[in-house]
Structures are given as structure tokens and as C-alpha cells.
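Asks: I would like the atomic coordinates for the input below:
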Amino acid sequence: MTAPHPGVSPLKVASASFVGTAVEWYDYFIYGMAAALVFGPQFFPDLSPATGTLAAFATYSVGFLARPLGGVVMGHFGDRVGRKSMLVTSLVLMGTATVGIGLLPTYDTVGVWAPVLLVTLRFVQGIGVGGEWGGAVLMAVEHAPKNKRGFYGSFPQMGVPGGLILANVVFLVVSNNLTDKAFEDWGWRVPFLASGLLVVVGLVIRISITESPEFAKVKDAGEVDRKPIVTVLRQHPVQVLLAAGSFMGNNTVGYIFMSYLLSYGTTELGLSRTLMLTVTLVGAMAWLAIIPWASALSDRHGRRRVLLLGSGGLAVWTAVLFPLVDTASPALVLIGILGTAVFLGITYGPVAVLFSDLFSAKVRYSGASLGYQIGSILGGGVAPTLATALYAASDSSAPVTAYLVVVSLVSLVCLAVVTRDVRTGVPAADTPAGSDAGTHIPHSAEKTRTVPDAR
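Replies: Residues are numbered from 1 along each chain as shown. A predicted model of the protein is given here:
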């Protein structure tokens, strides 16, 4: 494995990945919160409250449709030009779109152009975040010491709950200091406009770090793949599909936790906006704390053990999440959220290095991004919209619970397969830089040698 550049601290690179990723996910999450709380009446006033919320979540899903495009385009250039430049590009795209949403006129002002512009900017957000994840993860993992790739890879993963925490804090501050009317009229714009300052901070940090040493090795050897996405689709389609399936359960439950429950708790159960924002904030803090712990555990005991434990636990916990929330008891709602957050952290943290190890360095940005973003479409991309529709059709949370359990079980099966057939403790970069060989171990080879980290 390539050593880090002299004077470059893996912790500094990982921390920069965390900060930049947290800023991008803050931008992404404030849209989900606004969709749950205000976008219905602001952009779809002619619809009933339930249908307006459904329409708002549909625009929310547009961002997920754009994410694979961002992953493919930025993955292509990330594997050809470098990881760092794509991270800067993704942050600029995300920040521009987010501030633009904060400046949008509503339906009452410009009519149908309001939702059209909203969807357009949401699409741009999706492109930005679609290209973000792969680059941030690879910068952290490819700079990391070999025996701590899981731990350092968890830093950009922590950016997701980090962004959620920041988004919740900002919404709580704005919401609690304004009347309901002021919040609905203009207060919801403040979190979007504040993104401009956060993006500047993220850019300063990202520009200061160096390029990935593993990409530099590929580039110096003159072995950069001219069409990395084509190579991935031709040579690694199974790995891409398994990665997508492995991530689908975590992403589905994650977006139910991060977005849908906020709408469900306030509109269907009559709980206060402050309560739901607060319990989501506490859950995000627990999620943030669990991610590095679970990832470090995977360095010591193997990705397979940790991920299967977390995925199995998530499948079980999703069966009790809505029954707990439906009690409308603040204590039981909090317990439901905290249990979800724990299993989300266990299944999310080690995914960064797992997906990295599926592909060699010269196509890794494209391969890891494509698997992750396809999983996000199949998971969180449809989860809030589908959950809203399921509840509206049955007036019961039982179909939503069944949906979460089934998706979690599908991911458990995919994880069982991919962690069985992949050397999850030995980085793909340990193969020659120009090789397209991933870390796949044929079953015959598995019978003749033991790979402790894949147990």
C-alpha cells in the first residue's frame, strides 16, 4: 500500500473529509426537513395537506435520481484527474443549489415556476452529493494506515449524522425564535441561506489537503483508466449490484429516521415540531458516536462480523420502531429513535472501506460511487414518498413497518454474500496499481487459506 505523503497526517485528511461532508449533508438534509414541514403549502398550496406533503417528498426524491449521475460523472473524473478536484466541485455545486433554494419565490408569487425551479435545484443538489461520497471516502481511506482503514474511513461517514445534527440545530433555533407564521413565511429560508458561509469554510479546508497517494501512484505509473465507468460495468457488475443491495436497507431506514418521522410525528401523531426535531437530534448524536466505534471494531474483528451483526439488528429493530413511535410517548419515541440510530451506525461506518475494497485504485471512485448511489435510489430515494403513500392508503403504520423489515432483510442477504466473497481486511490497492483485479477471492482459494479480517 502506498504510504501517505511526507508531512501529511491521515487524521488531517480524514477530518477535512468529515467537515466537507458534514457541510454537504447539512445542505441535503435541510431540504428534507423543509419538505416535511413547509414545502407542501409553500409550493403546492392547491393540494390537500396530505397530498401536498406527498408532492414535497416527491421533489425530495428527485435528488436521489440525480445522485448516480453525479457519481458517474465525478467518479469518471475522480479516477482520471484526481479525488481532490471533484470534492471541491461537488461542494460548490451543492452550496450554489442550496442558497438558490433559499432565494426561491413560492407558488403564490410565480405560480407553477416555483415547483419547477425547486425540482431543478434539488436535482443539482443530487448531482453534488452523488459525487461527494466516493471522493471523501477515498481520500480518507487511501491516506490511512493499512490496519486502520475502517476507522479513518468512518470520518466522512460521520459527516452524515454531523450534517443532520447541524441541520436540526439550525432548524430548532430558527423555529423556536419565530412564530409559526413567521417560520412558514420566511424563517425556513434562513438554514438554506446560511449554507453559503458553511460552504466557504468547507472549501478552505478541502483546498488545503493533498491528493490521494494511491491515485498519485496510478497516475505516476501512467495507468489511469480512460473509461473507468465502462471498466466497472464490464468487469465488476456483480460487485456494484451487491454493494447497492448491501446499502439499500441502511439508507431506507436512515431516511425514514431523518426525514419521514419528522412529518409523521407532527402531522399524524400531533407531536410538536420541537419534540420531533429534538429526538432526531439526540438520535443523530448517538449515530455519530457509534460510527467510529463500529468502524474501529471492524479493523480488529473484520467487516463481516460487524456488518452482519448490525444489519441483523437493524432488521429486528425496524419491526418495533413504529409501534414505539405510535405510542406518542416522548420517552418511547426517543427509545425507538435511539435504537435505530445505534444499528444505523454499526451498518454505516464500515461500509466506506468495504466498498473501497471491492475495486482497484484506478476504478475505485467510479465503482464505489455507483454501488453506493444505486443503493441510495433503491433505499432513501423512495422511502419517504413510499412510506407516506403506504400510510395514506391504509391509515396504519403496519405496512411501513413491513416495508422496512423486508428491505433490511434484503440488505442482510447481500452483505452476507459480499463479505463472504471479498477480502474485507486487505485493501484492493495492495494489488498492482494497474491491475483491474479487485479483492475477490474464489471459493476454491477460500478453502485453502484463512483471511481473518473477512470472518
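
Asks: quick one: low-confidence ranges for the stretch 1-150 of the chain?
Replies: Along the stretch 1-150 of the chain, the parts satisfying pLDDT under 70 run over 1-8.

Asks: Could I get the full set of helices for it?
Replies: In the stretch 1-150 of the chain, the helices defined using DSSP state H, counting those that start in this stretch lie at 10-37, 39-43, 49-80, 83-102, 107-110, 113-143, 149-176.

Asks: I'd like to know which of those is closest to Leu261.
Replies: helix 10-37 (8.8 Å; C-beta to C-beta). Where you see a C-beta, it was placed from the backbone N, CA and C, and this is true even at glycine.

Asks: residues of that closest one that come out buried?
Replies: Residues 10, 12-37 are the ones in helix 10-37 that count as buried (16 or more other C-beta atoms under 10 Å).

Asks: same check, this time on stretch 346-360
Replies: Within stretch 346-360, the residues scored as buried using 16+ other C-beta under 10 Å are 346-360.

Asks: At the geometric centre of the chain, which residue sits there?
Replies: Val160 (6.0 Å; C-alpha atoms, centre = their mean).

Asks: So for that residue, what's the pLDDT?
Replies: Per-residue pLDDT puts Val160 at 89.

Asks: go on, Ser444?
Replies: 32.

Asks: Thr231 touches Val363, doesn't it?
Replies: Yes - with contact taken as C-beta atoms under 8 Å, Thr231 and Val363 are classed as touching, separated by 5.1 Å.

Asks: Where do the helices of the stretch 301-450 of the chain begin and end?
Replies: For the stretch 301-450 of the chain, helices defined by DSSP H, counting those that start in this stretch occupy the ranges 303-325, 330-348, 351-356, 364-378, 383-394, 398-421, 443-446.

Asks: rank the ones you listed by pLDDT, which is bottom?
Replies: helix 443-446 (a mean of 33).

Asks: The nearest residue to Leu104 once chain neighbours are set aside and Ile127: what is the separation?
Replies: Excluding the flanking residues, the one nearest Leu104 by C-beta to C-beta, 6 or more residues apart in numbering is Leu117, at 5.6 Å. Leu117 is 16 Å from Ile127, where distance means C-beta to C-beta, to the nearest Å.

Asks: between the two, who's got more neighbours?
Replies: Between Leu117 and Ile127, counting by other C-beta atoms under 10 Å, Ile127 is the more crowded of the two (24 against 17).

Asks: quick one: the more buried one and Ala66 touch, right?
Replies: Yes - with contacts counted by C-beta under 8 Å, Ile127 reaches Ala66, the gap being 4.9 Å.

Asks: Could I get the helices of the stretch 1-150 of the chain in TSV, plus columns for distance to Val333?
Replies: Shown next, in TSV, are these (distance: least, C-beta to C-beta, whole Å):
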stretch	distance to Val333
helix 10-37	16
helix 39-43	23
helix 49-80	20
helix 83-102	29
helix 107-110	33
helix 113-143	28
helix 149-176	15
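
Asks: For whatever helix or strand Val232 lives in, which helices and strands make contact with it?
Replies: Using DSSP states H and E, Val232 sits in helix 228-235. Counting contacts by 3 or more C-beta pairs under 8 Å, 6 or more residues apart in numbering; DSSP states H and E, helix 228-235 is packed against helix 49-80, helix 364-378.

Asks: and which of the buried residues of stretch 346-360 is nearest Leu203?
Replies: Ranked by distance to Leu203 (C-beta to C-beta), the buried residues of stretch 346-360 are led by Ala352 at 22.4 Å.

Asks: quick one, what contacts that closest one?
Replies: Neighbour list for Ala352: Val137, Ala140, Val141, Gly150, Gly153, Ser154, Pro156, Gln157, Ser295 [criterion: C-beta atoms under 8 Å, 6 or more residues apart in numbering].

Asks: Check Asp225 too.
Replies: Asp225 makes contact with Asp79, Arg80, Thr231, Lys362, Val363, Asp436, according to C-beta under 8 Å, 6+ apart.

Asks: ok, the residue nearest to the residue nearest to the centre of the chain when sequence neighbours are not counted - contacts?
Replies: Of all residues not flanking Val160 in the chain, Trp25 sits nearest, at 5.1 Å (C-beta to C-beta, 6+ apart). Taking C-beta under 8 Å, 6+ apart, we find Trp25 in contact with Val129, Gly159, Val160, Gly162, Gly163, Leu164, Ala167.

Asks: 6 Å instead, please
Replies: Residues near Trp25 by C-beta atoms under 6 Å, 6 or more residues apart in numbering: Gly159, Val160, Gly163.
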